[in-house]
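Trainee: Here's a sequence, model it:
(one chain, ligands or ions: 2)
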Amino acid sequence: MQKKGVAILGSTGSVGTQALEVIQAYPEQFDLQVITAQSNAKLLIEQAKLFQPNAVVIGDEEKYEEVKDALFSEDIHVYAGAQALCQVVEFHEVQVVLTALVGYAGLKPTLAAIEAGKDIALANKETLVVAGELVTERARAKGVNIYPVDSEHSAIFQCLVGEFHNPIEKIYLTASGGPFRGWKADALETVTRAQALKHPNWSMGAKITIDSATMMNKGLEVIEAKWLFGLKAEQIDVIVHPQSIVHSLVQFEDGSMKAQMGLPDMKLPIQFALTYPDRLKTNFPRFNFLDYPQLTFEQPDKEVFRNLQLAYDAMHAGGTKACALNAANEVAVQLFLEEKIRFSDIARINEQIMEEAPFVPNPNLEDYIHVDAHSRKLVGLLKI
Ligand code: NDP
Ligand code: MG
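Mentor: Ligands and ions are numbered 1, 2, ... in the order given. Prediction:
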């Protein structure tokens with residue numbers, strides 16, 4: 001069997017390190033070609049020495065010498081800067097690109113990989129939120145598959161195996177509800193950074209953890225699902241399921257529903273995205289019904305968790321609305337992490353930028369780039 005050539009963009013992050021665990025567990029399946037980091041040179045060097053990829057990229061150009069020197073005696077190419085990400089994904093030996101980097105930075109390398117005909121294992125949901133129409137159109141044109149890594153979308157995808165010819169009536173994305181499930185709006189005003197960084201069920205990078213607490217993450221996932229599965233906004237529902245055992249559900253036109261279940265562990269969706277249609281044997285802990293005698297479901301509160309409603313509004317508006325929302329949210333989350341704004345300011349900023357940012361109804365790549373940059377600038381001008 002031929003090994004699959006893999007590039008991992010963002011190998012030092014939460015998804016990236018778990019992807020490396022998967023690759024390490026199945027050396028006969030994968031040939032790791034490329035790993036990348038933004039600024040964590042130390043971990044990137046460690047990973048490179050252990051996994052011996054063909055190339056590494058460090059985003060922060062000031063760390064180039066450090067990485068280059070450390071890997072001097074290894075047979076590994078070292079590159080630096082954002083542009084290098086778009087080049088390494090094109091390598092002949094790469095068959096699938098796992099986009100495990102965070103934020104808007106994923107857009108250009110994902111497009112470059114698609115243009116080079118590489119399949120995408122997509123964790124970086126922001127790429128589809130910003131430019132889902134363009135990205136899915138290019139993937140179709142190039143015959144490239146986009147395999148979801150996000151656990152909810154992987155669940156939907158797993159439910160669809162063998163059913164791709166059957167129309168979807170509706171999907172339900174499950175949400176844990178985050179650490180502030182059931183809270184009222186005034187209680188959210190005083191949430192601290194430490195409280196928001198504690199997710200009940202998943203251990204993830206800082207940005208997505210804050211997004212989960214504000215429910216922006218579920219909003220981004222609704223938009224991600226629209227593009228991945230070709231759905232209308234009305235076909236996508238969110239249901240809060242605090243135990244995070246049912247990872248999402250599909251309802252078909254005969255009324256039948258399929259769900260994918262299991263203990264929360266990102267390694268499973270990462271692995272399935274890399275090995276589809278095969279399932280590899282694992283020793284991950286198995287689900288025991290008696291540990292979870294009750295699986296519960298409730299309505300999300302879109303008034304308190306305004307970001308979820310904003311995502312639906314952006315989806316209805318189309319064009320560059322979701323791009324503006326994403327840009328505003330990335331800046332707002334960063335400001336919150338730096339303790340410069342309050343938790344509840346995040347949704348306020350998002351809403352205001354959605355109103356004020358330029359809107360292009362039928363955008364091309366340049367329009368997305370412009371609206372992203374402009375929206376970020378607008379956040380700086382707000383009086384908070
Ligand atoms: P992390 O913050 O843990 O990791 C992000 C990775 O991207 C790191 O390798 C980081 O490098 C790199 N990176 C950061 N900024 C840039 C940049 N500007 N350019 C290039 N690379 C960059 O994030 P997660 O792993 O939690 O999330 C990654 C993506 O996967 C996100 O889009 C998230 O929404 C999605 N996702 C994550 C899940 C999870 O369980 N964590 C679940 C589902 C989806 P460095 O370490 O040097 O900073
Ligand atoms: Mg998810």
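Trainee: Can you name every helix or strand that the one helix or strand residue 355 maps to contacts?
Mentor: For residue 355, the host element (DSSP states H and E) is helix 345-356. The elements that helix 345-356 packs onto, with contact taken as 3 or more C-beta pairs under 8 Å, 6 or more residues apart in numbering; DSSP states H and E, are helix 206-214, helix 216-229, helix 306-317, helix 321-337, helix 365-381. Glycine gets a C-beta too; all of them are placed from N, C-alpha and C.
Trainee: Please enumerate residues in contact with it?
Mentor: Helix 345-356 is contacted by residues 210, 214, 216, 305-307, 310, 313-314, 321, 324-325, 327-329, 331-333, 335-336, 341, 375, 378-379, 382, 384 when judged by C-beta atoms under 8 Å, 6 or more residues apart in numbering.
Trainee: From ligand 1, how far off is residue 301?
Mentor: 22 Å (C-beta to the nearest ligand atom, to the nearest Å).
Trainee: With residue 255 instead?
Mentor: Distance from residue 255 to ligand 1, by C-beta to the nearest ligand atom: 30 Å.
Trainee: The closest residue to that residue other than its chain neighbours: what's it in contact with?
Mentor: Nearest-residue entry for residue 255: residue 169, 7.7 Å, with adjacent residues in sequence omitted and distances by C-beta to C-beta, 6 or more residues apart in numbering. Neighbour list for residue 169: 235, 251, 252, 253, 255 [criterion: C-beta under 8 Å, 6+ apart].
Trainee: rewinding a little: I'd like to know which of the helices and strands packed on helix 345-356 lies nearest to ligand 2.
Mentor: Closest to ligand 2 of the helices and strands packed on helix 345-356, according to C-beta to the ion: helix 216-229, at 5.5 Å.
Trainee: tilt between the next helix or strand after that closest one and helix 306-317?
Mentor: Downstream of helix 216-229, the first helix or strand assigned by DSSP H and E is strand 236-240. When axes from the mean of the first three to the mean of the last three C-alpha atoms, to 10 degrees is applied, the directions of strand 236-240 and helix 306-317 differ by 170 degrees.
Trainee: who's in contact with the residue in the stretch 201-350 of the chain that ligand 1 sits nearest to?
Mentor: For the stretch 201-350 of the chain and ligand 1, the shortest gap (C-beta to the nearest ligand atom) falls at residue 205, measuring 2.6 Å. Residues in contact with residue 205, defined by C-beta under 8 Å, 6+ apart, are 13, 14, 15, 102.
Trainee: Surely residue 180 touches residue 189?
Mentor: No: Residue 180 is not in contact with residue 189 according to C-beta atoms under 8 Å; the separation is 11.3 Å.
Trainee: So which of the two has more stuff around it?
Mentor: Shown here are residue 180 and residue 189; by other C-beta atoms under 10 Å, residue 180 has more neighbours (20 against 11).
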